[in-house]
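S.K.: Structure for the following, please:
(2 chains)
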Amino acid sequence: MSLSNSLQKLASYRSNSSRESQNVFKIGSELLKAGNAPRDEEGWAFLEQLALAAIDLDRLDVADICLQKLTEKFPASPRVEVLTGIRMEATEPITTVLEYYNELLHADPTNAAAWKRRISVLRRARSTDKAAEELIEYLDTFYTDPEGWLELADIYVSNRQYTSALQALSHALVLNPQNPFTFVQFAETAYSSGDLPLALKMFLLAVDMIERDIESPEPSPPTGLALRTWWGIKLCTRHLLDGSGTTTSPSNTDVPKHVQSLDILATERILSPYKGKELETQRHLVENWVSKK
Amino acid sequence: MANNAVSLYLDPQIRDWVLFPITLVMILVGVLRHYVMVLLQSTPKKLPRNALREQRALARSQVLRATAAYSPLPPSFFHAMTESLSEAFAAGTYLKDGPPKEGEAPAGPANPLTDPSAMEGMMGGMKTQMVMMVPQMVIMGWINFFFQGFVLIKLPFPLTLGFKSMLQRGIETPDMDVRWVSSLSWYFLNFFGLNGLYRLLLGNDNSADSSKDAANSPFASLNAAPTGPADYNKLFKSEIDNLEFSNAVYTWLGSDVEDRVLKRYNRLPQTTKAR
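M.R.: Sure, this is the predicted structure:
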């Protein structure tokens, strides 16, 4: 791969904020070894990216080289300090890392990145209650961080506090109303909490959003998130129809109209990807599951 | 004037020793100014955490209101959120110094002249202002002193008489062709016209251009006072009304979503299709 080509690829990873550690490391370490690393402003972003990728792949030697260069250039940069912290997380005991982040936060209480790292370390150290407490305080200051709300919802779900999780997710929804993944997560959490009408509504909203751009969705089988969402709809309608789930909703959501038609539609959508001879057995399995009462 | 065959002949020395130096000095001063500004720029002051929280609290209700008309939130969640926000705003939970005490007169916005942090910002503005103004005054004095009344250049295209005051500043003759440009006018042309060149040399957000100085004078902001310390207590109180309003316009996206999905697949049962 030519030099400009690989640089472009790395830059596109950065701008899409996709991690791709394996690729980044492969391209980046070659560049670093050949001394071809970009020297201008872009070079520093490249070093940061490579350091993170190297830590991901446990190539701490490469990460240390990058970090050293970055520390020389930006001695007191909060970004480099947080990166150093991540590097420490790879080898140092948790108490040392926590101590380090505490120091950073003491020096600058508004260092959001360091705060978030601290919360994630806390959570990994199995002190979930402390992590949740800190995260709530963090979100109280930095409200507009959907990632933080999703993490909080995840913590609540792991403790089976579904109502609180739904509240956290609703903040994420308001902040990111264009993201169907958040809707699906909300719906699945509502399903877990037993609020079937709410879950069905949210699944439908997600499907409505995902398939909005498709002119006639009928012939094309659903893929990815859409398929998962249709499965969710099927689960909800099935329980609503056979009465095995309660139709009462803690959030006072009305049961959607036309559950019967929705059920038929969802069944068709679920089965539609299994076409052709080679998928025969899978199709049977799914059909069995669908027709099971 | 056109039939007047008498034409001026400019000494090439004027070109070499007046026209080029003025242009060159102005470009160099602009570049120098850019770098002085970079040196002078103080890093923006960090807000303490509680001040940041106060500043960002409004964002909470703003995102809520922005999506209210087609809200992704189910009614119970939406109303719970607006209610708790209104309560928090009314009680002053988000205020920097905590909720105001009972019977205590609410403090008005601090006077920017006595508030040291605001004073610092103003001093910064003054400093940059000095860097902007002083070189221009020096250059203008230099041109006025040495080259007053010089004719520097003849424009290659004809112009109407209206341009006379613009192009021949400093030369009070009624009947010289408008195409001749005086030294002082050449200074002004450079003053306003070099921005494109600076952008090429120094990048897009350079601080070499002087023609935008007037906009960011430290006193301009003082008169308008939107940058002054806002009275958050008042802002929060007015936000309560806004939240009430958004409660009224609120609709849930999901209220008829099943109809929309079924309609896309043409599965809407006949009974509701008729309505």
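S.K.: The longest helix seen in chain A: what's the following helix or strand?
M.R.: When chain A is scanned for its longest helix (criterion: DSSP state H), the result is helix A:224-242. Towards the C-terminus, the helix or strand next in line after helix A:224-242, according to DSSP states H and E, is helix A:259-271.
S.K.: which strands and helices sit next to that following helix?
M.R.: With contacts taken as 3 or more Cβ pairs under 8 Å, 6 or more residues apart in numbering or on different chains; DSSP states H and E, helix A:259-271 sits against helix A:196-210, helix A:224-242, helix A:280-291, helix B:257-264. For the C-beta atoms, the positions are set from N, CA and C on the backbone; glycine is no exception.
S.K.: list the contacts for B:I143?
M.R.: B:I22, B:S183, B:L184, B:Y187 (Cβ atoms under 8 Å, 6 or more residues apart in numbering or on different chains).
S.K.: got the angle for the longest helix of chain A vs helix B:257-264?
M.R.: Taking axes from the mean of the first three to the mean of the last three Cα atoms, to 10 degrees, one finds helix A:224-242 and helix B:257-264 inclined to each other by 110 degrees.
S.K.: Okay, angle between helix A:224-242 and helix A:259-271 too, please.
M.R.: Angular relation of helix A:224-242 and helix A:259-271 on a 0 to 180 degree scale: 140 degrees, by the same axes, to 10 degrees.
S.K.: now helix A:224-242: mean pLDDT?
M.R.: Across helix A:224-242, pLDDT averages out at 89.
S.K.: and it, which residues are buried?
M.R.: Judged by neighbour count (16 or more other Cβ atoms under 10 Å in any protein chain shown), helix A:224-242 contains these buried residues: A:225-227, A:229-240.
S.K.: Also stretch A:42-62?
M.R.: Judged by neighbour count using 16+ other Cβ under 10 Å, the buried positions of stretch A:42-62 are A:43-44, A:46-57, A:59, A:62.
S.K.: Let me know whether that stretch sits next to chain B.
M.R.: No: Stretch A:42-62 does not reach chain B (Cβ under 8 Å from any Cβ of the partner chain); its nearest approach is 14.6 Å.
S.K.: Restricting to C-alpha, output that stretch in CSV.
M.R.: Output in CSV follows, covering the C-alpha atoms of stretch A:42-62 (Å, rounded to 0.1, in the frame of the first residue of the first chain):
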residue,chain,number,x,y,z
GLU,A,42,-1.7,15.1,11.5
GLY,A,43,1.3,13.2,12.9
TRP,A,44,0.3,13.7,16.5
ALA,A,45,-3.2,12.4,15.9
PHE,A,46,-1.6,9.5,14.1
LEU,A,47,0.6,8.7,17.1
GLU,A,48,-2.4,8.8,19.5
GLN,A,49,-4.3,6.5,17.2
LEU,A,50,-1.4,4.1,16.9
ALA,A,51,-0.8,4.1,20.6
LEU,A,52,-4.4,3.1,21.4
ALA,A,53,-4.4,0.4,18.8
ALA,A,54,-1.1,-1.0,20.1
ILE,A,55,-2.5,-1.1,23.7
ASP,A,56,-5.5,-2.9,22.3
LEU,A,57,-3.3,-5.5,20.8
ASP,A,58,-1.0,-5.7,23.8
ARG,A,59,2.0,-4.4,21.8
LEU,A,60,3.0,-2.1,24.7
ASP,A,61,6.5,-1.6,23.2
VAL,A,62,5.0,0.3,20.2
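S.K.: ok, residues contacting the longest helix of chain A?
M.R.: By Cβ under 8 Å, 6+ apart, the list of residues contacting helix A:224-242 reads A:180-181, A:184, A:187-188, A:191, A:196-197, A:199-200, A:203-204, A:206-207, A:210-211, A:221-222, A:245, A:247, A:255, A:259-260, A:262-263, A:266-267, A:269-270, A:273, A:290, A:293.
S.K.: ok, of the buried residues of helix A:224-242, which one's closest to chain B?
M.R.: Checking the buried residues of helix A:224-242 against chain B by Cβ to the nearest Cβ gives A:I233 as the nearest, at 8.8 Å.
S.K.: Tell me how many other residues crowd residue 163.
M.R.: Assuming you mean chain A. When neighbours are counted by other Cβ atoms under 10 Å in any protein chain shown, A:T163 registers 13.
S.K.: meant chain B, my bad for not saying
M.R.: When neighbours are counted by other Cβ under 10 Å, B:F163 registers 15.
S.K.: Around B:L197, how many other residues sit close by?
M.R.: Neighbouring residues of B:L197 were enumerated by other Cβ under 10 Å; the total is 17.
S.K.: can you give me the helices in the stretch 101-250 of chain A?
M.R.: Along the stretch 101-250 of chain A, the stretches classed as helices by DSSP state H, counting those that start in this stretch are A:112-124, A:128-141, A:146-158, A:162-175, A:180-192, A:196-210, A:224-242.
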